[in-house]
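# coords below, sequence missing:
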């Protein structure tokens, strides 16, 4: 009845390889383990029952028409190094079964009364066929922790579950979120008490496009208040929320019926504020990620188009800024990618009143965990500015190669007043991304910068140097021009009162913008940093930064002298910046600790 290239059967434990076929009675085991290089193959109609045991797959599990059943009352796991595809999975284990596989796929999943099936954090499960859960909200648990959120793709309506949301980052950081279930009340642990002035330990807002305002959960007295714009006491299907908690990294839970199938999200287009008109905060309604570039499943004709596609904006708490991603160009800023994580809120911009629609074909497992860095595309130039004070940052991008200059991606400014803002002006509007023809027609591109606080900043420019003959950065405030092909990082000071029209990118040689570079020498003798100012008469300020823009030294030096500076730092790359009323100098050098 059992046959295969290798099989070992221990008492109550099936180990390594078994081929199961056309069985008249079930195969019982306490545990099934498939070692690396081995396989288990099911043929015909097989019945496998594991009583108070685990399934460990480090090899290959070849499904047939089997029903794999977990029995017992002791918590057990499905684990191993191999993604696993089952036929039908039946859970009758009252202690609970947890899958720790990277990806588990099954045709059908049945959870009986009193049992529990859990998907471990950052793991994924797909049910391609019928899903049944007779155990209620506690019967299907989708976990979340510091490693990421679990991801679940299914196709059955009215499935009860509990979906966790780990609140990452520092305490009181802002997060965009949305509910993956249809009937989670906004109450209980979602509204914790604390030591804020009103006795709460949370902040919860929604965005109201018609008056372009954030509406606070506890505001019920203003002319436009929470009760006038938010229907009911539950999280609204497909709506995005702005949420912050006083506690550090709590795990919140959505409990109710999982959202599934086609979902229509209503969009408004009524604001009197021109640069915010049409911006709607919506959310991923599913317990899995969704793909903004999916080939089918989206109906986005009611959105403003740019660059040949559609934009969506996600809040990045590390940057203290929004990032944006375009569905056609595949280009994102501030680490935003095509994948919108489960329970993630995001902005879209409507071109009129209507709906944005999506269905299960946009659902994927990618991007359910951490942020991913966007890549550098052909013909693309990225500018990232970071504050040395708090490491918040912002990004703008240029993409060349269009037949004509295209409609660009609007800049959505950060609500955090201390965050830096980098943006591209054109035609009286401000943009995060511009889509352009070439560097001949666009030889000069203005770049605006707004400091969130008086501080030192580093501006980094990434591009393929073989695609651009000339890339020069002009600082209009210091009258300094830097060749970004020689050194792609520029260090500068800025205050909140500075003129926001700070920079110009030049893509053609132009002697009119000659650099006023100081006649200094900057080098190291292996023990000291040498700043030679013998040809400079005025006092000169020196700043030394590491490659991440962190300040190492700031000092005022006398002119007509050579200064030997001792740096007690490890081996690394340094950026040295000199400035006085006559000009500036920036040099990158390697520091080797002796």
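All right, it came through fine. Source: prediction; values computed, not measured. Numbers count the residues shown, from 1 in each chain.
# residue ranges of the helices in this protein, please?
Along the chain, counting by DSSP state H, helices occupy 226-229.
# where are the low-confidence patches of it?
The model of the chain has pLDDT under 70 over residues 1-25, 45, 369-378, 509-516, 548-549, 594.
# What residue spans form the domains of it?
As given by automatic domain parsing, the domain ranges for the chain are 7-166, 169-371, 380-513, 521-591.
# Mind putting those domains into a markdown table with mean neighbour count?
For every residue, glycine as well, the C-beta is placed using N, CA and C. What follows is those, written out as a markdown table (neighbours: other Cβ atoms under 10 Å):
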| stretch | mean neighbour count |
| --- | --- |
| domain 7-166 | 19 |
| domain 169-371 | 19 |
| domain 380-513 | 18 |
| domain 521-591 | 16 |
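# partners of residue 398 in the sheet?
Counting by DSSP bridges, residue 398 forms beta bridges with residue 381, residue 434.
# quick one: contacts for it?
Residues near residue 398 by Cβ atoms under 8 Å, 6 or more residues apart in numbering: 380, 381, 424, 433, 434, 436, 445, 505.
# between those, which is nearest residue 404?
Closest approach between these and residue 404, by Cβ to Cβ: residue 436, at 9.2 Å.
# what's the distance between the closest one and residue 322?
22 Å (Cβ to Cβ, to the nearest Å).
# What of residue 78?
For residue 78, the distance to residue 322 (Cβ to Cβ) stands at 39 Å.
# Surely residue 366 is in contact with residue 341?
No - if you go by Cβ atoms under 8 Å, residue 366 and residue 341 don't touch, sitting 9.5 Å apart.
# Between the two, which contacts overlap?
By Cβ under 8 Å, 6+ apart, the residues touching both residue 366 and residue 341 are residue 289.
# In CSV, list the contacts of residue 398 along with distance to residue 201.
Shown next, in CSV, are the contacts of residue 398 (distance: Cβ to Cβ, whole Å):
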residue, distance to residue 201
380, 43
381, 44
424, 40
433, 38
434, 42
436, 48
445, 46
505, 46
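# Contact partners for residue 448?
Going by Cβ under 8 Å, 6+ apart, residue 448 touches 421, 422, 423, 424, 425, 430, 500, 501, 502, 503.
# Kindly report the same for residue 471.
Taking Cβ under 8 Å, 6+ apart, we find residue 471 in contact with 381, 461, 463, 465, 483, 484, 485, 505, 506, 507.
# what's across from the residue nearest to the fifth one when sequence neighbours are not counted in the sheet?
Think residue 483. Closest residue in space to residue 483, ignoring its immediate chain neighbours: residue 472 at 5.8 Å, by Cβ to Cβ, 6 or more residues apart in numbering. Each beta-bridge partner of residue 472 is listed here, defined by DSSP bridges: residue 483, residue 506.
# so residue 472 sits right up against residue 503, yeah?
No - judged on Cβ under 8 Å, residue 472 makes no contact with residue 503 at a distance of 10.4 Å.
# Show me where the stretch 201-350 of the chain has its strands.
Taking DSSP state E, counting those that start in this stretch, the strands of the stretch 201-350 of the chain run over residues 202-208, 213-216, 241-245, 251-257, 263-267, 279-283, 289-291, 298-299, 305-306, 309-316, 321-326, 339-340, 345-349.
# which ones are touching the closest residue to residue 293 other than its chain neighbours?
What sits nearest to residue 293 in space, not counting adjacent residues and going by Cβ to Cβ, 6+ apart, is residue 338, at 4.5 Å. The contact partners of residue 338, taken as Cβ under 8 Å, 6+ apart, are 291, 292, 293, 325, 327, 330, 332, 367.
# Contact partners for the nearest residue to residue 523 once chain neighbours are set aside?
Leaving aside its chain neighbours, residue 523 sits nearest to residue 530 (5.1 Å; criterion: Cβ to Cβ, 6+ apart). Residues near residue 530 by Cβ under 8 Å, 6+ apart: 521, 522, 523, 524, 562, 563, 564, 565.
# Just put these in a markdown table and tack on distance to residue 192.
Converted to a markdown table, the contacts of residue 530 look like this (distance: Cβ to Cβ, whole Å):
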| residue | distance to residue 192 |
| --- | --- |
| 521 | 59 |
| 522 | 54 |
| 523 | 57 |
| 524 | 54 |
| 562 | 61 |
| 563 | 55 |
| 564 | 57 |
| 565 | 51 |
